[in-house]
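Trainee: Compute the structure for the input listed below.
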Amino acid sequence: MADLSKLSCFLLLLACLVTAPLPAARATVTCSQVTTAMAPCIGYLRGAGPLPGTCCSGVQSLNGAAQTTADRQAACRCLQTAAGSIPGINFNLAAGLPGKCGVNVPYKISPSTDCNSVK
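Mentor: Numbers count the residues shown, from 1 in each chain. Okay, the predicted model is just below:
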């Protein structure tokens with residue numbers, strides 16, 4: 001379950017970086033939401049199968065949920081935490097996931113992304 005949580009957080013970063021920044025004091029996106037939405041992507045990101053439609057649904061859903069800067073930064077942190085604990089993740093596949101799911105992300109998708117700079 002920890003592996004799933006960390007990957008999910010990384011994937012939410014992909015989805016959250018798309019929306020325009022809006023001022024906010026607190027994030028409403030939780031790591032639990034990230035985990036649930038991104039769980040279907042793990043096999044694909046490990047190179048163990050095709051990209052399931054449920055994965056893209058999760059990416060798109062999280063992109064829509066991350067409406068504020070605080071949401072996107074929180075999602076970024078969740079994704080980084082998740083990605084660090086899931087063995088076998090292909091970060092090239094992760095970086096390409098938004099495009100494959102029809103989501104534009106104008107930032108590099110990487111575990112080294114500075115979440116504080118995410119707007």
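Trainee: what's the model's confidence in the longest helix seen in the chain, averaged?
Mentor: For the chain, the helix with the greatest residue count under DSSP state H is helix 69-85. Averaged over helix 69-85, pLDDT sits at 86.
Trainee: Check stretch 36-50 too.
Mentor: 93.
Trainee: now stretch 89-100
Mentor: For stretch 89-100, the per-residue pLDDT averages 91.
Trainee: Tell me where this structure has helices.
Mentor: 2-16, 31-38, 42-45, 53-65, 69-85, 91-100.
Trainee: Out of the ones you listed, which is the most enclosed?
Mentor: For those, the largest average neighbour count (mean count of other C-beta atoms under 10 Å) is found in helix 2-16, namely a mean of 27. Any C-beta I mention is one placed from the backbone N, CA and C, and that applies to glycine too.
Trainee: For Asp114, which of the helices of the chain is the nearest?
Mentor: Closest to Asp114 of the helices of the chain, according to C-beta to C-beta: helix 69-85, at 8.7 Å.
Trainee: The closest one vs helix 91-100, what angle?
Mentor: 140 degrees (axes from the mean of the first three to the mean of the last three C-alpha atoms, to 10 degrees).
Trainee: that older thread, put together JSON lines for the helices of the chain, with distance to Tyr107 on each row.
Mentor: Shown next, in JSON lines, are those (distance: least, C-beta to C-beta, whole Å):
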{"stretch": "helix 2-16", "distance to Tyr107": "8"}
{"stretch": "helix 31-38", "distance to Tyr107": "17"}
{"stretch": "helix 42-45", "distance to Tyr107": "18"}
{"stretch": "helix 53-65", "distance to Tyr107": "13"}
{"stretch": "helix 69-85", "distance to Tyr107": "9"}
{"stretch": "helix 91-100", "distance to Tyr107": "10"}
